[in-house]
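K.L.:
the following comprises the amino acid sequence and a computationally predicted model.
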Amino acid sequence: MPKAILFHATGGPDVLQLENVEVGDPGPGEVRIRHTYIAVNFIDVYHRTGFYPASLPSGLGSDAVGVVEAVGPGVTEVQVGQRVGYLMGPLGAYSEVRIMPAAVLIPLPDEVSDRTAATLMMKGMTAQYLFRQVYPLKGGETILYHAAAGGVGLIACQWARAMGVTMIGTVSTDEKAEIAKANGCAHVIVTSRENIVERVKEITDGRGVPVVYDSVGKDTLEASLDSLQPRGLLVSNGTSSGPVVIDTHRQLALKGSLFVTRPAMVHYIHPRAHMLEMADEVFALVKAGKIVSEPKQIFSLARAADAHRALESRATTGATVLVP
């Protein structure tokens with residue numbers, strides 16, 4: 001019988017349990033997938049802790065790659081034996097086998113391995129919508145990007161370099177700084193010993209940056225706002241350190257008529273044709289050798305709780321995956 005990670009109550013990593021599950025056959029518009037790699041994302045922590053509510057008991061994860069085992073009536077998007085990935089749809093990616101809506105699946109090109117694709121579904125597509133849609137970079141800009149050595153961050157470093165964008169990245173340690181530099185980050189700020197705003201102003205000759213991409217949240221909010229040029233944009237795309245609270249009158253007006261957006265993938269990925277175009281752009285950069293992405297941490301599915309502990313301790317760099 002297939003196994004999956006379920007949680008029956010919200011809480012710490014210990015609530016994650018490996019259990020036997022019934023899968024069955026796909027219905028209309030559905031497919032059955034056998035996973036090869038499962039991505040671990042910080043949004044999984046939000047679901048596990050209840051910050052993003054889920055109906056309990058619940059599966060976990062929304063991002064994986066695998067092979068189509070069976071298709072239900074009316075499915076035309078994919079076929080049996082095809083390699084696919086996904087980043088949207090119902091929770092439950094932490095599993096060996098599952099049923100998924102065919103409409104959310106992304107066919108994988110032969111040139112991109114399952115191992116690489118597992119680091120690109122959520123993370124590569126996040127870099128795409130941040131850099132190409134939320135604040136469309138043209139090349140020549142100088143930007144500030146927090147958590148530059150993280151799963152999305154290492155892809156962002158390489159993407160920025162490929163576009164001719166000067167990326168200022170923040171990291172927590174010197175080791176992570178070296179990793180970010182090796183992946184194309186032009187300037188790295190080690191937050192444990194450097195002042196973010198002072199370094200940004202030094203690098204930009206006092207001008208600041210037009211856009212800040214901030215997935216950290218509470219701990220970096222003030223520094224992000226103070227690093228912006230007048231009429232600059234804070235892209236608040238995560239809250240790993242805690243929720244963001246902004247006094248719009250005090251902070252945004254007085255700091256330079258600033259803009260703030262809190263984007264969510266779901267609002268940038270539809271319709272399906274657009275999602276496939278986004279994926280094609282990510283895959284094209286990989287095939288051209290401009291983005292090289294491999295998992296930095298690999299855990300067995302049974303050790304999903306350990307993967308969460310590593311992620312929350314900020315001990316990881318790059319992408320973390322589970323192997324069924």
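P.N.:
It's in.
K.L.:
so where's this protein uncertain?
P.N.:
239, 241-242, 248-249 (pLDDT under 70).
K.L.:
would you map out the domains in it?
P.N.:
Annotated domains of the chain cover 3-119+294-323, 122-265 [automatic domain parsing].
K.L.:
those: which one's closest to Ala288?
P.N.:
Closest to Ala288 of the domains of the chain is domain 122-265 (CB to CB; 8.3 Å). Yep, even glycine has a C-beta here, placed from its N, CA and C like the rest.
K.L.:
so what touches stretch 316-324?
P.N.:
3, 34-40, 94-96, 115, 118-119, 123, 149-151, 154, 175-176, 179, 293-301, 303-304, 307, 310-311 (CB atoms under 8 Å, 6 or more residues apart in numbering).
K.L.:
so of these, which ones are in helices?
P.N.:
Among those, DSSP state H puts 115, 123, 151, 154, 175-176, 179, 304, 307, 310-311 in helices.
K.L.:
tell me what whichever strand or helix holds Pro230 is packed against?
P.N.:
Assessed by DSSP states H and E, Pro230 sits inside strand 228-236. Under the contact criterion of 3 or more CB pairs under 8 Å, 6 or more residues apart in numbering; DSSP states H and E, strand 228-236 touches strand 209-214, helix 221-226, strand 259-261.
K.L.:
buried stuff in that strand?
P.N.:
Neighbour counts over strand 228-236 (16 or more other CB atoms under 10 Å) mark 228, 232-236 as buried.
K.L.:
stretch 150-170 now?
P.N.:
For stretch 150-170, a neighbour-count test (16+ other CB under 10 Å) marks 150-161, 163, 165-170 as buried.
K.L.:
list the helices and strands whichever strand in the chain runs longest packs on?
P.N.:
Counting residues, the longest strand found in the chain (DSSP state E) is strand 30-40. The contact analysis (3+ CB pairs under 8 Å, 6+ apart) places strand 30-40 against strand 64-71, strand 97-101, helix 114-117, helix 304-312, strand 319-323.
K.L.:
columns distance to Gly206 and mean neighbour count on top of these, output as JSON lines?
P.N.:
Below are the helices and strands packed on strand 30-40 laid out as JSON lines (distance: least, CB to CB, whole Å; neighbours: other CB atoms under 10 Å):
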{"stretch": "strand 64-71", "distance to Gly206": "45", "mean neighbour count": "22"}
{"stretch": "strand 97-101", "distance to Gly206": "51", "mean neighbour count": "21"}
{"stretch": "helix 114-117", "distance to Gly206": "41", "mean neighbour count": "21"}
{"stretch": "helix 304-312", "distance to Gly206": "36", "mean neighbour count": "19"}
{"stretch": "strand 319-323", "distance to Gly206": "36", "mean neighbour count": "24"}
